[in-house]
Structures are given as C-alpha cells and as structure tokens.
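A.B. asks: The amino acid sequence is not available; the structure is as follows:
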C-alpha cells in the first residue's frame, strides 16, 4: 500500500506536539501527543484513522526519546 498521507503539519509546544495529516483522499486527521506518552487522534473520516496511527506512534517515540 502506498503512503496515504499527502501533507503533514506539526507544532511543537513545550512538552506536546499538535498537528494534522492531510490524506490523499482530501480528509484530515488531527492529533495531539504529550511528553508522557499519551496521544489522541481525531478526524473527519473514522475509516482513515487507522492509516495514520503508525505515523502518530513514530512521532510519539521521537518526542519521548529525543528529549
């Protein structure tokens, strides 16, 4: 399967990363990741959330292990 993500926006604020993924089908999935390892994700199409979970988990690992 090809990467469904067309665009990514990140905003790092202290101990948190907020952002969104724009998928090739035009929908957006937003997320928030905390330094303590918790994260949440929401979007305008529930079916697409499973496509972006690996990307959110990778960002979470980067946030936790780089600081």
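C.D. replies: Received, thanks. Keep in mind that what you see is a predicted model, and the values were worked out from it rather than measured. Residues are numbered from 1 along each chain as shown.
A.B. asks: who's in contact with the helix or strand of the chain with the lowest mean pLDDT?
C.D. replies: Least confident helix or strand, the chain: helix 49-66 with a mean of 80, by mean pLDDT, DSSP states H and E. Helix 49-66 is contacted from outside by 4-5, 8, 10, 12, 17, 19, 21, 23, 29, 31, 33, 35, 37, 39, 41-43, using CB atoms under 8 Å, 6 or more residues apart in numbering. Bear in mind the C-beta positions are built from the backbone N, C-alpha and C, glycine included.
A.B. asks: Give me the buried entries from those residues.
C.D. replies: Among those, those buried by neighbour count (16 or more other CB atoms under 10 Å) are 4, 17, 19, 21, 23, 29, 31, 33, 39, 41, 43.
A.B. asks: And the residue nearest the centre of this protein?
C.D. replies: Against the mean C-alpha coordinate of the chain, by CA atoms, centre = their mean, the closest residue is residue 56 at 3.8 Å.
A.B. asks: What distance do you get for the residue found closest to that one once you drop the neighbours it is linked to in the chain to residue 53?
C.D. replies: Nearest non-adjacent residue to residue 56, counting by CB to CB, 6 or more residues apart in numbering: residue 31, 5.1 Å away. Residue 31 is 9 Å from residue 53, where distance means CB to CB, to the nearest Å.
A.B. asks: shared neighbours, the two?
C.D. replies: Common contact partners of residue 31 and residue 53 (CB under 8 Å, 6+ apart): residue 41.
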